[in-house]
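Novice: Below is the structure, and that's it, no one-letter string:
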């Protein structure tokens, strides 16, 4: 039977996360930064990367992947680019630092590009691309990760889920595109496992190189590196697996290679996570009047929305619209959290000796 989520108050959830991260030893600013990224995921309906990740971060801190006291620094720099040394700090702190550099360079030179090495999981990719978009810039964010994805016709995970996020100013809603280059994010397998659901055919392959239908089995295969998620397009070229494979490799280049860091298949080795990121901010002024460009883009997106619909469909969604609607609903009605995640949070409160502080419905 599928487990049903419980709606929790946004302010109470925010407070819990802030207190938990401060108890770990993060300073108040960094604890708030990490919480901002997690809550952004929860509020935009990206449940795989929100508070359900708290247990993962606990484990990574315990393993020594994340050094709570560390801060990122610049290792190499030009007027339009930089390489950031993550220094094994929390990925959200590193990502925020790196995208701020990209934004500053874009405002001065028209474009800013930052590749990051030796970081950790940084949450949702679009949090950082949106940082640029809020400044009237075009934002790009990518990351590699622990090995979870197999190459087309392969069985051993060699890439991460390697998301690509692009945010572009638009009206009435900014365009926000954020997708993994795998069929699904690893977190969706975790969520289905918590719900007790089987996996759809095509999400991943097991230790025998066949379709993985049992969620826990696929999770075990990924951690054992005996199976993994498929790239976008599934297991064969019939629906474009080679395209997702190529996108994933491009992310590996911009993150792990360009930063002189590591690729996904070597992350989480020798007690180091080593995840790498890539950020870019572009000022539309490089191409003309920013407001004219925004209006042109918005007009096109409206034409797409209003174009003819497929059979039994009444709406075409532009990327970012569903997330804005989820945000409005969850601010008003609370964030849905799975019972198993609630139990993880209660256990975390006990371990950290902090008050749980979230009022649950009877």
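Specialist: Everything's here; your move. What you see is a predicted model; the values in this text were computed from it and never measured.
Novice: packing partners for the lowest-mean-pLDDT helix or strand in the chain?
Specialist: Lowest on mean pLDDT, DSSP states H and E among the helices and strands of the chain sits helix 186-195, with a mean of 89. When contacts are defined as 3 or more C-beta pairs under 8 Å, 6 or more residues apart in numbering; DSSP states H and E, helix 186-195 packs onto helix 215-224. To be clear about C-beta, it is placed using only N, CA and C from the backbone, and glycine gets the same treatment.
Novice: wait, residue 135 sits on residue 107?
Specialist: Yes. Using C-beta atoms under 8 Å, residue 135 makes contact with residue 107 at a distance of 7.4 Å.
Novice: Pull the residues that contact the least confident helix or strand of the chain.
Specialist: The contact list for helix 186-195, computed with C-beta atoms under 8 Å, 6 or more residues apart in numbering, reads 2-3, 47-49, 52-53, 145, 148, 161, 198-199, 203-204, 215-216, 218-219, 222, 229, 338, 340-341.
Novice: Determine the set of other helices and strands touching the helix or strand harbouring residue 178.
Specialist: Assessed by DSSP states H and E, residue 178 sits inside strand 175-179. Under the contact definition 3+ C-beta pairs under 8 Å, 6+ apart, strand 175-179 sits against helix 126-133, strand 164-168.
Novice: Now, the contacts of helix 186-195 that are in helices?
Specialist: Judged by DSSP state H, these include 215, 216, 218, 219, 222, 340, 341 as members of helices.
Novice: roughly how far apart are the residue lying closest to residue 131 once chain neighbours are set aside and residue 151?
Specialist: Among residues not flanking residue 131 along the chain, residue 99 sits closest, at 5.0 Å (C-beta to C-beta, 6 or more residues apart in numbering). Going from residue 99 to residue 151 by C-beta to C-beta, to the nearest Å gives 29 Å.
Novice: Please identify which of those two sits among more neighbours.
Specialist: The neighbour count for residue 99 versus residue 151, taken as other C-beta atoms under 10 Å, is higher for residue 99 (28 against 19).
Novice: Do I have it right that that one meets residue 142?
Specialist: No. Using C-beta under 8 Å, residue 99 makes no contact with residue 142, being 11.5 Å away.
Novice: Overlap of the contact sets of these two?
Specialist: residue 279.
Novice: all helices of the chain, in order?
Specialist: 10-24, 28-43, 54-63, 91-109, 126-133, 186-195, 215-224, 241-252, 290-305, 321-333, 339-352.
Novice: So which other helices or strands are in contact with the second one?
Specialist: Counting by 3+ C-beta pairs under 8 Å, 6+ apart, the packing neighbours recorded for helix 28-43 are helix 10-24, helix 91-109, helix 126-133, helix 321-333.
Novice: closest to residue 63 out of the ones you listed?
Specialist: Proximity to residue 63, assessed across the helices and strands packed on helix 28-43 by C-beta to C-beta, is greatest for helix 10-24 (13.3 Å).
Novice: which helices and strands sit right next to the closest one?
Specialist: By 3+ C-beta pairs under 8 Å, 6+ apart, helix 10-24 packs against helix 28-43, helix 54-63, strand 335-337, helix 339-352.
Novice: Just put these in JSON lines and tack on mean pLDDT.
Specialist: What follows is these, written out as JSON lines (pLDDT from 0 to 100):
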{"stretch": "helix 28-43", "mean pLDDT": "97"}
{"stretch": "helix 54-63", "mean pLDDT": "92"}
{"stretch": "strand 335-337", "mean pLDDT": "95"}
{"stretch": "helix 339-352", "mean pLDDT": "94"}
